[in-house]
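Undergrad: Sharing a sequence plus its predicted fold:
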2 protein chains.
Amino acid sequence: MSIKKLGSQTIRFENPPSIIGAASIVGPKEGQGRFKDYYDLILSDNIYAESSWEKAEKKILKETIEIAIKNANLTTTKIEYLIAGDLLNQIISAGFAARELEIPFLGIYGACSTLAEGVTLGSIIVDGGFAENVVAAVSSHFCTAERQFRFPLELGNQRTPTSQWTVTGAGAMVLSSKQQNPRVTFATTGKVIDMGESDSNDMGAAMAPAAIDTIIRHFQDTGKTPDDYDLIITGDLGSIGKEITEELLKQKGYNMSNKYADCGVLIYYPEQDVHAGGSGCACSAVVTCGYIFKEMLKGQYNKVLLIATGALLSTTSSQQGETIPCIAHAISLENL
Amino acid sequence: MSIKKLGSQTIRFENPPSIIGAASIVGPKEGQGRFKDYYDLILSDNIYAESSWEKAEKKILKETIEIAIKNANLTTTKIEYLIAGDLLNQIISAGFAARELEIPFLGIYGACSTLAEGVTLGSIIVDGGFAENVVAAVSSHFCTAERQFRFPLELGNQRTPTSQWTVTGAGAMVLSSKQQNPRVTFATTGKVIDMGESDSNDMGAAMAPAAIDTIIRHFQDTGKTPDDYDLIITGDLGSIGKEITEELLKQKGYNMSNKYADCGVLIYYPEQDVHAGGSGCACSAVVTCGYIFKEMLKGQYNKVLLIATGALLSTTSSQQGETIPCIAHAISLENL
């Protein structure tokens, strides 16, 4: 077994890739949330002067990537791979953004875990010496997700108390072989876990077992404990999934309560009425590329474990009576 | 620039990963085609004893992966990453197959180019020393694709002369750090190219410019010429796209006519009435994991360039008036 591989699911990067630039754009609702001071741009509406929400999502993703590249003091011609995905069928936001950016493109899909998947693959490419600069990016949009996965917005359906609100926005990171902080030091790639949950309005409960599996695997593979991190943050379990995760990990001997948070719980204020919290690829992405990245630059955090979670269902799989297969990928971000 | 990177889009693998096992399963129509003697299993019907075509596709993909691992004399616990994708919304075939296989999972989407994307990423992971054994796998299914992208099969719609037939099947490859033939020696990752074609029943013409762009980039980056290969084969341009590709490359000084083929043209016999040829993720995958892999083992081919092409549209993008963004990824397979 290569020394780069720890245990069964974790990579330790030998020359940890640097995050030399990051960016986030969000919609107006996210711009009223807890991290409003950390985003590069807050839109005043969800349509962003386009003729459809899907075109708006593509524009948000493309511009976020451009800002991240600019923040890294690079131009698009210096980016060797764009690794991107989103929630839409055939990941059209990413594909159409890549058309305009003209960067060699690798499309990925991991539902709301997609950013962590992209950072894992981008870090492998950079640490392996296959590229100097790679962008990992994702987007989601409340309006495109609602009409694709649930109901036309015009219906004005009521939302159940366990439901989560898809974040409108995009996050992008430039990963580089340059040596500066923060770095990507470890990546634990998850297995697909399905404990039989079938309620697509209760994603947090469905995804919690995948998060727990990957967190335990990360600690077992690396020999680390929760004490080795300043912040352990899941992607979008929301209030229900977070409680399950915290409780079950405690039962298994991992007490994280003083440093454990969830992007979906934090991204909106409770009075914003999103029920169980935020979700979508952009949820963990804008929190990571906005809040976490900027606080790491300041040294407020030095060791962060992000566990991004995804529910790999489709409307077809639900209609055919399938339960919800879920996945979680963990990445360690550290100032060395 | 790292020595592993040639030009702007091509990787030269330092320790070229070996394909230590491959497998393909196809539907009955493909089983009557030109490569019928090369598949591991030919199904007698498209439903494969399942209750839906989608569940059948998942079963085909899962079993193909299992056969590939068995053909490599390994067990699933020895596979460190499963990199897989398919055409269905939210790549449910891959996600649900991964649920049953319990291998750390990286979901990818490149439409019909997905196998080449997976082989590229898998080879990066193996050559970079991050894993010893990785599986790249894809599937497609005529019945699931027709109802998702076009019309319910029950309508019995007529097909236009330029249309292609989605291959029912799956292909899987085990990439390993072991040193044996055949190997993955180069990978040229494509940019998204869109020349303004909007007819989703004429994918070959839409994808041809992407194939041409990647082929020229491959030759420019590597300094190779068509003479350096025994076989240059595109994924699923079909008869119309193949003719465009051949003619335009000739005009640009690349005469490939004596060794150029297309998986979509070859996979069915002309009398099978599929109009412009085969398509779908499985098209290049079953030809590569069946015919090409087995002929390379025999030494009939020693240097093959596969250029898998994909059309990154969705029904939503077409309904909103978008043209078809396309991509092509090239991989070199060589007996060293």
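TA: Ah, there it is.
Undergrad: Would you pull up the residue in the stretch 201-336 of chain A closest to chain B?
TA: Using C-beta to the nearest C-beta, the single residue of the stretch 201-336 of chain A nearest to chain B is residue A:312, 3.6 Å away. Where you see a C-beta, it was placed from the backbone N, CA and C, and this is true even at glycine.
Undergrad: Would you agree that residue is in contact with residue B:93?
TA: No. Applying C-beta atoms under 8 Å, one finds residue A:312 not in contact with residue B:93, separated by 10.7 Å.
Undergrad: Mind giving me the packing neighbours of the host helix or strand of residue A:327?
TA: Assessed by DSSP states H and E, residue A:327 sits inside strand A:326-334. Under the contact definition 3 or more C-beta pairs under 8 Å, 6 or more residues apart in numbering or on different chains; DSSP states H and E, strand A:326-334 sits against helix A:114-127, strand A:183-188, helix A:203-222, strand A:303-311.
Undergrad: I'd like those laid out as a markdown table, including mean pLDDT.
TA: Formatted as a markdown table, the helices and strands packed on strand A:326-334 follow (pLDDT from 0 to 100):
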| stretch | mean pLDDT |
| --- | --- |
| helix A:114-127 | 98 |
| strand A:183-188 | 98 |
| helix A:203-222 | 97 |
| strand A:303-311 | 98 |
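Undergrad: got TSV for these, with mean neighbour count too?
TA: Formatted as TSV, the helices and strands packed on strand A:326-334 follow (neighbours: other C-beta atoms under 10 Å in any protein chain shown):
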stretch	mean neighbour count
helix A:114-127	29
strand A:183-188	24
helix A:203-222	24
strand A:303-311	28
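Undergrad: So which of the ones you listed is nearest residue A:70?
TA: For the helices and strands packed on strand A:326-334, proximity to residue A:70 was assessed by C-beta to C-beta; helix A:114-127 is nearest, at 18.1 Å.
Undergrad: what angle do whichever helix or strand comes after that closest one and helix A:114-127 make?
TA: Sequence-wise, the next helix or strand downstream of helix A:114-127 (DSSP H and E) is strand A:133-140. Using axes from the mean of the first three to the mean of the last three C-alpha atoms, to 10 degrees, the inter-axis angle of strand A:133-140 relative to helix A:114-127 is 170 degrees.
Undergrad: Could you see whether chain B lies near strand A:133-140?
TA: No. Strand A:133-140 is not in contact with chain B by C-beta under 8 Å from any C-beta of the partner chain; minimum separation 10.7 Å.
Undergrad: which helices and strands sit right next to the helix or strand just after that strand?
TA: Reading on from strand A:133-140 to the C-terminus, the next helix or strand found by DSSP H and E is helix A:142-149. Applying 3+ C-beta pairs under 8 Å, 6+ apart, we find helix A:142-149 packed against helix A:53-71, strand A:165-166.
Undergrad: Would you tell me which one of the ones you listed is buried the most?
TA: Highest mean neighbour count among the helices and strands packed on helix A:142-149 (mean count of other C-beta atoms under 10 Å in any protein chain shown): strand A:165-166, with a mean of 26.
Undergrad: helices and strands around it, which ones?
TA: Secondary-structure packing of strand A:165-166 (3+ C-beta pairs under 8 Å, 6+ apart): helix A:142-149, strand A:278-279.
Undergrad: Tell me the gap between it and the middle of its chain.
TA: 13 Å (C-alpha atoms, centre = their mean, to the nearest Å).
Undergrad: Repeat that for stretch A:35-49.
TA: How far stretch A:35-49 lies from its chain's middle: 18 Å, per C-alpha atoms, centre = their mean.
Undergrad: Report the buried residues of it.
TA: Of the residues in stretch A:35-49, those with enough neighbours to count as buried (16 or more other C-beta atoms under 10 Å in any protein chain shown) are A:35, A:38, A:39, A:40, A:41, A:42, A:43, A:46, A:48.
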